[in-house]
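Colleague: just coords:
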């Protein structure tokens, strides 16, 4: 069975409920107010949404910086859609946003236990730059990763 093509676009006003819901699903373990805080970030920084056949399946938020690395603040994909290229499409879109803003790379933070995300980021050219003990809720360890342009 052939998958429908992905469509990558900027955040729209009618995406708020989607971003809020997926944030709660993806980040609540690490940030109890993920629904509210991620939506605020999405509304105040460049945000990309991925659709497949008109169904929203993922998003990412990027904080750009000229002459410095941009930050991938958040990236989330619906659980049923993971492993289908959506994360790669979001990373490619985030990189395009960062390059267009004059950033020198893309930095991110992810839980050390999130092996699927670590694998995706490493395969996409990121490298671990430092470990961050107790980064999430002062309990969960994280790593900082960087992809230089």
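Modeller: The structure has been received and is ready for your questions. In this text, all values refer to a predicted model and were calculated from it rather than measured experimentally.
Colleague: what helix or strand does residue 26 sit in?
Modeller: Assessed by DSSP states H and E, residue 26 sits inside helix 16-27.
Colleague: mean confidence for that helix?
Modeller: Average pLDDT, helix 16-27: 98.
Colleague: got it, and stretch 33-41?
Modeller: Per-residue pLDDT values across stretch 33-41 average out to 97.
Colleague: for it, what is the distance to the chain centroid?
Modeller: 13 Å (C-alpha atoms, centre = their mean, to the nearest Å).
Colleague: what sits up against the longest helix along the chain?
Modeller: For the chain, the helix reaching the highest residue count under DSSP state H is reported as helix 86-100. The set of residues that contact helix 86-100 without belonging to it, under C-beta atoms under 8 Å, 6 or more residues apart in numbering, is 6, 8, 46, 48, 50, 52, 57-60, 62, 64, 69-70, 72, 75, 77, 105-106, 117, 120-121, 124, 147, 149. The C-beta positions use only the backbone N, C-alpha and C, and glycine is treated the same way.
Colleague: now the helices for this protein?
Modeller: When assigned using DSSP H, the helices of the chain occupy the ranges 16-27, 34-44, 86-100, 115-123.
Colleague: show me what counts as buried in the first one.
Modeller: Spelled out, that is helix 16-27. When burial is assessed from 16 or more other C-beta atoms under 10 Å, helix 16-27 yields the following buried residues: 18, 19, 20, 22, 23, 24, 26, 27.
Colleague: can you lay out those as TSV showing distance to residue 138?
Modeller: Below are the buried residues of helix 16-27 laid out as TSV (distance: C-beta to C-beta, whole Å):
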residue	distance to residue 138
18	30
19	26
20	25
22	25
23	20
24	21
26	20
27	16
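Colleague: between which two of the residues you listed is the distance greatest?
Modeller: The largest distance within the buried residues of helix 16-27, taken as C-beta to C-beta, falls between 18 and 27 and amounts to 14.1 Å.
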